[in-house]
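**Student:** A predicted structure for the sequence below; I have some questions about it.
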Amino acid sequence: MSLLELRGVCKTYVDAQGGQALLADGLDLLVPGGRIVAILGPSGSGKSTLLKMVAGLEPPDAGAIYFAGQDLAAVPPERRGFALMFQDFALFPHLDVVDNVAFGLVEQGLRRAVARERALQMLAVFGLHSHARQKVWRLSGGEQQRVALARALITQPRLLLLDEPFSALDAELRTRLRDEFSQRIAAAAITTVLVTHDEAEARAMAQQGFRLLQGRLLPLW
Amino acid sequence: MLRRFSVGNAPGHFGPARAWWWGVLPLGFLLLMVVAPLARLAVEALPDLQWAGISAMWQDDYLRWRVWWTVLQATLTCVAALALGLPLAWVLARFEFPGRVLALRLLMLPFVVPTLVAAIGVLALWGPRGMLSAWWGLDLQGTPWLLLYGNLFFNLCLVVRAGVEALEQVSAARVAAARSLGATPWRAFWRVQWPAILPWLVSATCLVFLYCFSGFGLALILGGQRYATVEVEIYTLVAHELRLAPAGALALGMALLTGAVAVLYAFVERRLATPGRADGVARRRPTGAWQWCAVVAGLASLFLLCGAPLLAIVVRAATAGEQVWAVLLDDETLPAVWNTLRFSALAVLLATLLGVAHAFAARRSVWLRAAAFLPFVVSPVTVAFGLLLLYPRWSASLPLLIGAYALLAYPFVANALGAALDHQPAHLAQVARTLGATPRRVFWRVTVPLVLPALRRGMAFAAATALGEFAVTLFLSRPEWATLTTLIYQRLGRPGGANRDAALVLAALLMLLALLAFVLIEQAPRRARVLAPVRGATNVPA
């Protein structure tokens, strides 16, 4: 049974100059629970906007998004229980590593000390325990990426949304982290939507793949 | 009140989404403190705004010279600041040498030094019995050089900082591509780097012109009878001759001209709003005698133009003797220090309130954003004169004085905060939302900590502005509300060397207060830098 379901989703992007681009044109997608689904497409095709609509950060112009049968239209992003990872990791620069990872737990209502303790445990799993008190800008690209994943996974999200998660990294590190991420996501059994322009990366990580073309999804595998 | 936020696609959409009403307070304030006084000025100047009146004013050799000289001294300063500033910026942006970072920090100093302190510094160096004029046997009193030197003190640093910033935005890859396509270093500069830095230089030149054109304190002290500017003339017409109609006509003309330059500045600034390049040209250690000479010459000229006047104040004040230092404890000084501090504190409080409201209101409106520059466009003399005409019964009241101080100071808060909000990556708020933070929590846990350094920076500039305020105080203050600046001016106007030395000591005290603001400003970037490295994630292997 599908866990995430997009039905007839439409979205038009209007830029500051008034130009329009059709990003989703009656788009349908079914994502079964526990699977990794990849969406491929060139830059500007609307992949990231699609993820933001699922996360609740952008409303669709038309259509509906369901998760576990529930229409998400009226559910704000913080109540959806999803985690979104960006290409630039979006770590909070004013917080150190452990507070970045603990951020979501504090928002879930945990006391800060408890949240930090859990975050330290998570960092230990990711091999980043020794970096806990560092500011995030002192970390390498790969370390920042791991912190971002740790921050996303610690809240035990119902759905993980990955937006070009490896594109800021060099080729060798990308391959290494891709394998590590696949294993960690599989271990956590989290349903995941990955958007990328790299087909090899998508095929290596996802059980199902689609291409976003002119606002519609074409199945690839 | 912060219930609705946007986490839209555009960078930095963190603030309240329907926040137009935040603009009511600053817009109402601008209406009462700038627009209405300007309209009142127009009414006052109506007799002189007829063709016959304008023609008569233009026939007046004295007034015509004032206008020409005002334009000329601003233009000369622009040319000199560019000619000296660009090579200096090149040295600071392209060479790595000991003291470079300190030099860059010290370039901020003139931005917080009150006008009157700068004028005293120039006099201490080049005025009658000045340190260098006595040494070299020069008498610059009554020449235009004192004013031009004072103008350069303030504006060279502005051009150098803009130049450094611009040169750091130049893409190393583009320069390398030009070189690999056969361009010599000079051709690569001319065809690749120059077009990239030109908008920055034009923008800085507009600002320099605005500052010099509408400057008051420097021209009043350093210009003397012959080389004073239109702003000084307006003050003289109002305060000494009570000829309000011609003063109003001049003030309106000045407002129109500065407005035109400000529009040009805004146009150029829009071009600069594109994201900077991450792959800047790497700095290298100077090699060879010529490059080291360039570094030494650059630092020496910076010191002579921007550091020496301040040092001269310190040296002259330190050697003034105990009798002169007693001025710090006399019956005039202590109330003036108290007035300076309390007026500044009240003004910064009001400026912060207005600046924060304006920054949030202006998130989605270009017009509102432009309105924050209005107090920069209209000179303090024009504002004070307009206020005097519009609110005669309030002319010596504390609320109007503090309001006028805050008017001049709050754009620093609004612009610093607005820029910080713009530069926040939208992804941070979006991630925080998906991690469970409500819009209110995003505001307090993400937005506020990230913009706090910028807010502090803006407040520090506002404090420096209020501490050194001079023109408005001359127009709107009561005798018993003398501040340090007006007291220095009074001392300068009294005969005798003792009064001049007392002015030097008071200027040193005012400089010390301004330096405290400077320290606050210089602490801010260290924390503000947190945004930069994360935005462009590094490619360093784990």
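**Tutor:** Sure, I can see it.

**Student:** ranges for the helices of chain A?
**Tutor:** A:47-55, A:77-80, A:97-107, A:112-125, A:141-153, A:171-188, A:199-205 (DSSP state H).

**Student:** list the contacts of B:Ala362.
**Tutor:** Going by C-beta atoms under 8 Å, 6 or more residues apart in numbering or on different chains, B:Ala362 touches B:23, B:368-369, B:371-372, B:414, B:418. (Glycine included, C-beta is placed from N, CA and C.)

**Student:** roughly how far apart are it and B:Trp292?
**Tutor:** B:Ala362 sits 47 Å away from B:Trp292, going by C-beta to C-beta, to the nearest Å.

**Student:** same check on B:Leu390?
**Tutor:** Using C-beta to C-beta, we find B:Leu390 at a distance of 58 Å from B:Trp292.

**Student:** okay, these two: which has more neighbours?
**Tutor:** Neighbours of B:Leu390 and B:Trp292, each counted by other C-beta atoms under 10 Å in any protein chain shown, are more numerous for B:Leu390; the result is 20 against 14.

**Student:** so how many other residues sit close to the residue lying closest to that one once chain neighbours are set aside?
**Tutor:** Excluding the flanking residues, the one nearest B:Leu390 by C-beta to C-beta, 6 or more residues apart in numbering or on different chains is B:Arg40, at 4.2 Å. Other residues lying near B:Arg40 total 18 when counted by other C-beta under 10 Å.

**Student:** check which helix or strand covers B:Arg40.
**Tutor:** helix B:36-44 (DSSP states H and E).

**Student:** for the stretch 1-150 of chain B, which residues score under the pLDDT cut-off?
**Tutor:** B:1-20, B:47-54 (pLDDT under 70).

**Student:** any chance you could map the helices in it?
**Tutor:** Taking DSSP state H, counting those that start in this stretch as the criterion, the stretch 1-150 of chain B contains helices spanning B:24-30, B:36-44, B:46-49, B:51-59, B:61-94, B:100-106, B:109-112, B:115-126, B:131-136, B:145-169.

**Student:** hey, which of those helices is tucked in deepest?
**Tutor:** Most buried of the helices of the stretch 1-150 of chain B by mean neighbour count (mean count of other C-beta atoms under 10 Å in any protein chain shown) is helix B:115-126; its value is a mean of 28.

**Student:** ok, A:Ala38 to chain B distance?
**Tutor:** Per C-beta to the nearest C-beta, to the nearest Å, A:Ala38 is found 20 Å from chain B.

**Student:** which residues does that residue contact?
**Tutor:** Taking C-beta under 8 Å, 6+ apart, one finds A:193-196, A:202-203, A:205-206, A:208-210 in contact with A:Ala38.

**Student:** and the furthest pair within these?
**Tutor:** Farthest apart among those by C-beta to C-beta are A:Val193 and A:Arg203. That separation is 15.4 Å.

**Student:** does B:Pro399 count as helix, strand or coil?
**Tutor:** Classification of B:Pro399 by DSSP: H, G, I helix; E, B strand; the rest coil places it in helix.

**Student:** let me see the confidence value for it.
**Tutor:** Here, the pLDDT recorded for B:Pro399 equals 91.

**Student:** what about whichever residue of chain A sits closest to chain B, how many residues nearby?
**Tutor:** Closest residue of chain A to chain B, C-beta to the nearest C-beta: A:Gly142 (2.7 Å). For A:Gly142, the number of neighbouring residues by other C-beta under 10 Å comes to 23.

**Student:** was I right about it contacting A:Leu169?
**Tutor:** Yes: A:Gly142 is within contact range of A:Leu169, at 6.4 Å (criterion: C-beta atoms under 8 Å).

**Student:** what sits in contact with each of the two?
**Tutor:** A:Leu177.

**Student:** what about B:Leu304, distance to B:Tyr149?
**Tutor:** Remark: distance between B:Leu304 and B:Tyr149 (C-beta to C-beta) = 10 Å.

**Student:** swap that for B:Pro392, please
**Tutor:** 38 Å.

**Student:** again with B:Leu492
**Tutor:** Distance of B:Leu492 to B:Tyr149, computed by C-beta to C-beta: 17 Å.

**Student:** what do you get for A:Ala188?
**Tutor:** Computed as C-beta to C-beta, the A:Ala188 to B:Tyr149 distance reads 69 Å.

**Student:** okay, and the helix or strand of chain A with the least pLDDT?
**Tutor:** Ranking every helix and strand in chain A by mean pLDDT, DSSP states H and E puts helix A:171-188 at the bottom, with a mean of 82.

**Student:** where are the low-confidence patches of chain A?
**Tutor:** A:1, A:16-18.

**Student:** and if you look at the stretch 151-300 of chain B?
**Tutor:** If you take pLDDT under 70 as the line, the stretch 151-300 of chain B has these spans: B:269-279.

**Student:** quick check: buried residues in stretch B:315-328?
**Tutor:** Neighbour counts using 16 or more other C-beta atoms under 10 Å in any protein chain shown place B:315-317, B:320, B:324, B:327 of stretch B:315-328 among the buried residues.

**Student:** what sits against the residue positioned nearest the centre of chain A?
**Tutor:** Geometric centre of chain A, nearest residue: A:Leu161, 2.3 Å, by C-alpha atoms, centre = their mean. Contact analysis of A:Leu161 by C-beta under 8 Å, 6+ apart lists A:51, A:54-55, A:82-85, A:192-193, B:434.

**Student:** in the residues you listed, find the pair that's most separated.
**Tutor:** Farthest pair in these (C-beta to C-beta) is A:Thr192 and B:Thr434. Separation: 13.8 Å.

**Student:** how does chain B divide into domains?
**Tutor:** B:37-275+B:284-319, B:322-531 (automatic domain parsing).

**Student:** which of those is buried the deepest?
**Tutor:** Across these, the average number of neighbours (mean count of other C-beta under 10 Å) peaks for domain B:322-531, which reaches a mean of 21.

**Student:** gap between it and the chain center?
**Tutor:** Chain-centre distance of domain B:322-531: 11 Å, with C-alpha atoms, centre = their mean, to the nearest Å.

**Student:** do the same with stretch A:186-196
**Tutor:** Its chain's C-alpha centre and that of stretch A:186-196 lie 8 Å apart, by C-alpha atoms, centre = their mean.

**Student:** end-to-end on that stretch?
**Tutor:** Counting by C-alpha to C-alpha, to the nearest Å, you get 19 Å between the two ends of stretch A:186-196.
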